[in-house]
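Q: here you go, sequence then predicted model.
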Amino acid sequence: MKAYHLNFTQRLPISLAQAWDFFSSPMNLAKITPEEMAFTVTSRLQPDQKMYPGMIITYKVSPVAGIKLNWMTEITQVEEHQYFIDEQRFGPYKFWHHQHHFKEIPGGVEMNDILTYGLPMGVFGNIANSIFVAAKLQQIFNFRKQKVIDLFGDYTNTGT
């Protein structure tokens, strides 16, 4: 299986505590996912519930042509105000390991997403990644970047 790596960095003009409060709540993920993906958390979680190691989160998502898929991730590690890691337990990928890092910077916070994933179906998965999957993931993270700016403001406009 071939492993693919993506890295996304974004700076926000909010405190580390504000960033952690928003991103450590599984229910907020739907707020920063493109609507056409019909992303829905299906776990019975409270709106303000925070992540913890061992937490299982289930979703429904439609990444292609309105086809609904079930997805289950586990929060495997949490270091409050520093990072958390989610890993797929069931879903569209053969392997999914997503690190979310947070660091206080002058005038805000820097977030760094490190994603490592693999696809099923050998060479066909490699082809799918080349023509579709990598671009779709980039599109999702570009949407997320803009949505987070809409919610919290643009770091570059803070004058710091």
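A: Looks like it arrived, so ask away. In this text, all values refer to a predicted model and were calculated from it rather than measured experimentally. Residues are numbered from 1 along each chain as shown.

Q: next SSE after the lowest-mean-pLDDT helix or strand in the chain?
A: Ranked by mean pLDDT, DSSP states H and E, the weakest helix or strand in the chain is helix 122-128, scoring a mean of 82. Per DSSP states H and E, helix 122-128 leads on to helix 134-152 as the next helix or strand towards the C-terminus.

Q: check which helices and strands that next one sits against.
A: Helix 134-152 makes packing contacts with strand 3-12, helix 16-23, strand 108-118 when contacts are defined by 3 or more CB pairs under 8 Å, 6 or more residues apart in numbering; DSSP states H and E. C-beta coordinates here come from the backbone N, C-alpha and C atoms, glycine included.

Q: in it, what counts as buried?
A: Applying a neighbour-count criterion of 16 or more other CB atoms under 10 Å, one finds 137, 140-141, 143-144, 148-149, 152 buried in helix 134-152.

Q: report the backbone C-alpha coordinates of it in CSV.
A: Below are the C-alpha coordinates for helix 134-152, written out as CSV (Å, rounded to 0.1, in the frame of the first residue of the first chain):
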residue,chain,number,x,y,z
ALA,A,134,-5.7,14.1,-3.7
ALA,A,135,-7.5,16.9,-5.5
LYS,A,136,-10.7,16.3,-3.5
LEU,A,137,-8.8,16.4,-0.2
GLN,A,138,-7.0,19.6,-1.3
GLN,A,139,-10.5,21.1,-2.2
ILE,A,140,-11.9,20.2,1.3
PHE,A,141,-8.9,21.8,3.1
ASN,A,142,-9.1,24.9,0.9
PHE,A,143,-12.8,25.2,1.8
ARG,A,144,-12.0,24.6,5.5
LYS,A,145,-9.4,27.3,5.4
GLN,A,146,-11.8,29.9,3.9
LYS,A,147,-14.6,28.8,6.3
VAL,A,148,-12.3,29.2,9.3
ILE,A,149,-11.4,32.7,8.1
ASP,A,150,-15.1,33.5,7.7
LEU,A,151,-15.7,32.3,11.3
PHE,A,152,-12.7,33.8,13.1
